[in-house]
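> Pasting the sequence and the predicted coordinates here, then a few questions.
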Amino acid sequence: MKDGIIKFNCNWTKTDPIESPYIDELIHWHKVLFQKGFVGVDKKGVGFGNLSCRTTNNEFVITGSGTGGIAEIGQQHFALVTSFNIHRNTVDSTGPIIASSESMTHAVLYLCDPKIGAVIHVHNLPMWRALLRKVPKTDKSAEYGTPEMAKEVIKLYSQTDLKDRGILVMAGHEEGIITFGPDIASAAKLLLHWAEQIG
């Protein structure tokens, strides 16, 4: 199975599985979102969808690259992002698996607000189309997983009501939707709330 192409320079140190009190809950919500089709693998065999939780400061544990199509993930499917640099386009991580290609986007949300404790990125075309006119959206020119996308998210957070809404669409990444909240349950429930509203 393929996964989204990693567009940043990843400084990955391979280690044993990450120990974190957030992993069990991340596994639970990954399974829920997989069953509902928000996380999975597309017709081209490319995995999509990733979840993360802040651990300390701006470090966070995130599902690894290539895990979108796995119905039941385990501790071995997580990476710990320890630092990142938008200007140098780098992400530093440890763990048994390389961090998700969307790690840079997750990282800037944690940077924007210390109250954000969890971030979810999913794919859903009908919901993406419906949300384009309802919630903050990134510029069409910003591709997923790039410094340009990271800068767009920072701009939305400071110049729109994104902080209060907790949801955005990635206009240049068809189907791409991001939610966030103080914890992973809040971020997931916000996504499911919007899905129910849109039908």
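Yep, that arrived. Numbers count the residues shown, from 1 in each chain.
> Where does the prediction get shaky in the chain?
1-4 (pLDDT under 70).
> Which residue ranges of it form helices?
23-35, 103-112, 125-131, 147-159, 162-165, 184-198 (DSSP state H).
> CA-only coordinates of the longest one in CSV, if you can.
Backbone C-alpha positions of helix 184-198 (Å, rounded to 0.1, in the frame of the first residue of the first chain) are rendered in CSV as follows:
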residue,chain,number,x,y,z
ILE,A,184,-8.6,13.5,20.4
ALA,A,185,-12.2,12.8,21.4
SER,A,186,-13.2,16.4,21.0
ALA,A,187,-11.6,16.7,17.6
ALA,A,188,-13.2,13.4,16.4
LYS,A,189,-16.6,14.3,17.7
LEU,A,190,-16.5,17.7,16.0
LEU,A,191,-15.7,15.9,12.7
LEU,A,192,-18.6,13.5,13.2
HIS,A,193,-20.9,16.4,14.2
TRP,A,194,-20.2,18.1,10.9
ALA,A,195,-20.6,14.9,9.0
GLU,A,196,-24.1,14.4,10.6
GLN,A,197,-25.0,18.0,9.8
ILE,A,198,-24.1,17.7,6.1
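> Just list what that helix packs against, helices and strands only.
When contacts are defined as 3 or more C-beta pairs under 8 Å, 6 or more residues apart in numbering; DSSP states H and E, helix 184-198 sits against helix 23-35, strand 118-123, helix 125-131, strand 167-170, strand 176-181. C-betas here are computed from N, CA, C, even on glycine.
> Would you reformat the ones you listed as TSV and include mean neighbour count and distance to Lys44?
Supplementary listing: these in TSV, determined by neighbours: other C-beta atoms under 10 Å; distance: least, C-beta to C-beta, whole Å:
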stretch	mean neighbour count	distance to Lys44
helix 23-35	18	18
strand 118-123	26	12
helix 125-131	16	14
strand 167-170	23	18
strand 176-181	25	15
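> wait, which of those is closest to Asn57?
Proximity to Asn57 (C-beta to C-beta) singles out strand 118-123 among those, at 15.1 Å.
> quick check, distance from the closest one to the centre of its chain.
Distance of strand 118-123 from the chain centroid (C-alpha atoms, centre = their mean, to the nearest Å) equals 4 Å.
> now the closest residue to Gly49 other than its chain neighbours: how far from Glu175?
Distance criterion C-beta to C-beta, 6 or more residues apart in numbering; nearest residue to Gly49, sequence neighbours excluded, is Val39 at 3.0 Å. Going from Val39 to Glu175 by C-beta to C-beta, to the nearest Å gives 12 Å.
> measure the spatially most central residue of the chain to Glu25 for me?
The geometric centre of the chain, computed from its C-alpha atoms, lies nearest to His121 (C-alpha atoms, centre = their mean), at 3.7 Å. Using C-beta to C-beta, we find His121 at a distance of 17 Å from Glu25.
> just Thr179 next, same as before
15 Å.
> same deal with Met104?
Met104 is 23 Å from Glu25, by C-beta to C-beta.
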